[in-house]
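Undergrad: sequence plus the predicted model coming up.
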Amino acid sequence: MPVLALIAWSVTAIAGLYLLAIWLIEYDPKFRHAAATRLPIPIVVGHGLFAVGGLASWVMYLITDKRLYSWMAVGAMVFIAALGMTMAVRWIGVYRDRPTRAIAQAVSVAAGSPGRPVRPGDMIVPPERHLPVSGVIAHAAFAIVTIVLVVLTVFNVSGS
């Protein structure tokens, strides 16, 4: 079961990196005033750092078989889950919210052409609006599986 937890954690991390890459691509500091992100950078960074630290602790547990590392991974998971739920709730709000029509000046500045007229399709949305629903759901589902497997392993439910 510990190796299954490692595999689930790795798949969760890959899905998280995919979502982070999309968010970073869509995050434009020059365009922040028009569509500010609802995911504060400290929460995003903290979620990622705790996830890397927890995964490293879990790998150390698998290598050394010292229970301290498994408990460190569980402790990290508390913070990972709390920050992840915070981001999920904020993302749901952004995803369900309707995009606002672009202001001519904001769209012109973002497009790099001050004289370009606003088109009907131009919308101002935060960067997390571009995260695919399937990616967010996959990340959350694998995160839940990971938490269950890690907790079952730490509390020795399998009997091994």
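TA: Good, I have the coordinates.

Undergrad: so where do the strands sit in this structure?
TA: For the chain, applying DSSP state E gives strands covering 100-101, 123-124.

Undergrad: weakest of these by average pLDDT?
TA: Mean pLDDT values for these show the minimum at strand 100-101, a mean of 53.

Undergrad: which other helices and strands does the helix ranked longest in the chain contact?
TA: Ranked by residue count under DSSP state H, the longest helix found in the chain is helix 67-96. The contact analysis (3 or more C-beta pairs under 8 Å, 6 or more residues apart in numbering; DSSP states H and E) places helix 67-96 against helix 41-64, helix 133-154. Every residue, glycine included, has its C-beta placed from N, CA and C.

Undergrad: dump those to TSV, plus mean neighbour count and distance to residue 2.
TA: As requested, the helices and strands packed on helix 67-96 are arranged in TSV below (neighbours: other C-beta atoms under 10 Å; distance: least, C-beta to C-beta, whole Å):
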stretch	mean neighbour count	distance to residue 2
helix 41-64	16	6
helix 133-154	17	5
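
Undergrad: quick one, which of those gets closest to residue 13.
TA: helix 41-64 (6.3 Å; C-beta to C-beta).

Undergrad: name the residues that touch that closest one?
TA: If you take C-beta atoms under 8 Å, 6 or more residues apart in numbering as the criterion, helix 41-64 is touched by 2-3, 5-6, 9-10, 12-13, 16, 20, 23, 66-67, 69-70, 72-73, 76-77, 79-80, 83-84, 86-87, 150.

Undergrad: repeat for stretch 151-160
TA: Contacts for stretch 151-160 (C-beta under 8 Å, 6+ apart): 1-2, 5, 67, 70-71, 73-74.

Undergrad: select only the buried ones of these in ChimeraX?
TA: In ChimeraX, this line selects whichever of those come out buried by 16 or more other C-beta atoms under 10 Å:
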select :2,5,70,73,74
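
Undergrad: could the contacts of stretch 151-160 go into JSON lines alongside pLDDT and distance to residue 131?
TA: Below are the contacts of stretch 151-160 laid out as JSON lines (pLDDT from 0 to 100; distance: C-beta to C-beta, whole Å):
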{"residue": "1", "pLDDT": "89", "distance to residue 131": "31"}
{"residue": "2", "pLDDT": "92", "distance to residue 131": "31"}
{"residue": "5", "pLDDT": "95", "distance to residue 131": "25"}
{"residue": "67", "pLDDT": "93", "distance to residue 131": "37"}
{"residue": "70", "pLDDT": "94", "distance to residue 131": "31"}
{"residue": "71", "pLDDT": "95", "distance to residue 131": "32"}
{"residue": "73", "pLDDT": "96", "distance to residue 131": "26"}
{"residue": "74", "pLDDT": "95", "distance to residue 131": "27"}
